[in-house]
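> need the 3D shape of this:
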Amino acid sequence: MHITERIWRPSYGVILDQVTLTDIDAFTRPWVHTVKLTRRDDWELKEFVCDNNRYYLKPDGASAIKGLAPR
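Residues are numbered from 1 along each chain as shown. Predicted coordinates for the structure are as follows:
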């Protein structure tokens, strides 16, 4: 498997994060997923460090944070 992540800023206030998975044994073509992040002037950016996922994932892999969809 080959994973490529490309992050770029096409305009002020927008960041695109694109991940491409290429694996000829598992996929018939590359799998591409893009996330668009948009700046919000009414939000404050704060530092966050995650030492482990114990506080954010339940034993079944679902998110422990209210409002996030389970995996």
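> for Ile3, give its distance to Arg29.
Noted for Ile3: a distance of 15 Å to Arg29, by CB to CB, to the nearest Å. The C-beta positions use only the backbone N, C-alpha and C, and glycine is treated the same way.
> looking at those two, which is more packed in?
Ile3 (10 against 7; other CB atoms under 10 Å).
> got a list of what the more buried one touches?
Val19, Thr20, Leu21, Thr22 (CB atoms under 8 Å, 6 or more residues apart in numbering).
> will you turn the residues you listed into CSV that also has neighbour count, secondary structure and distance to Arg40?
Formatted as CSV, the contacts of Ile3 follow (neighbours: other CB atoms under 10 Å; DSSP: H, G, I helix; E, B strand; the rest coil; distance: CB to CB, whole Å):
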residue, neighbour count, secondary structure, distance to Arg40
Val19, 14, strand, 23
Thr20, 14, strand, 27
Leu21, 14, strand, 29
Thr22, 14, strand, 33
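> any idea which of these is closest to Thr34?
Nearest to Thr34 out of the contacts of Ile3 is Val19 (CB to CB; 7.8 Å).
> contacting residues for the residue nearest to Glu5 when sequence neighbours are not counted?
In space, and not counting its chain neighbours, Glu5 is closest to Val19: 5.1 Å by CB to CB, 6 or more residues apart in numbering. Residues near Val19 by CB under 8 Å, 6+ apart: Ile3, Thr4, Glu5, Val32, His33, Thr34.
> now do 7 Å
Applying CB atoms under 7 Å, 6 or more residues apart in numbering to Val19 gives the contacts Ile3, Glu5, His33.
> and what of Arg9?
Arg9 neighbours (CB under 7 Å, 6+ apart): Ile15.
> just the element for it, please.
strand 2-11 (DSSP states H and E).
> what average pLDDT does that strand get?
In this model, strand 2-11 has an average pLDDT of 96.
> give the pairing partners of it; include direction for each.
strand 14-22 (antiparallel) (DSSP bridges).
> and the contacts of Val19 as TSV, adding distance to Ile15?
Converted to TSV, the contacts of Val19 look like this (distance: CB to CB, whole Å):
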residue	distance to Ile15
Ile3	19
Glu5	12
His33	15
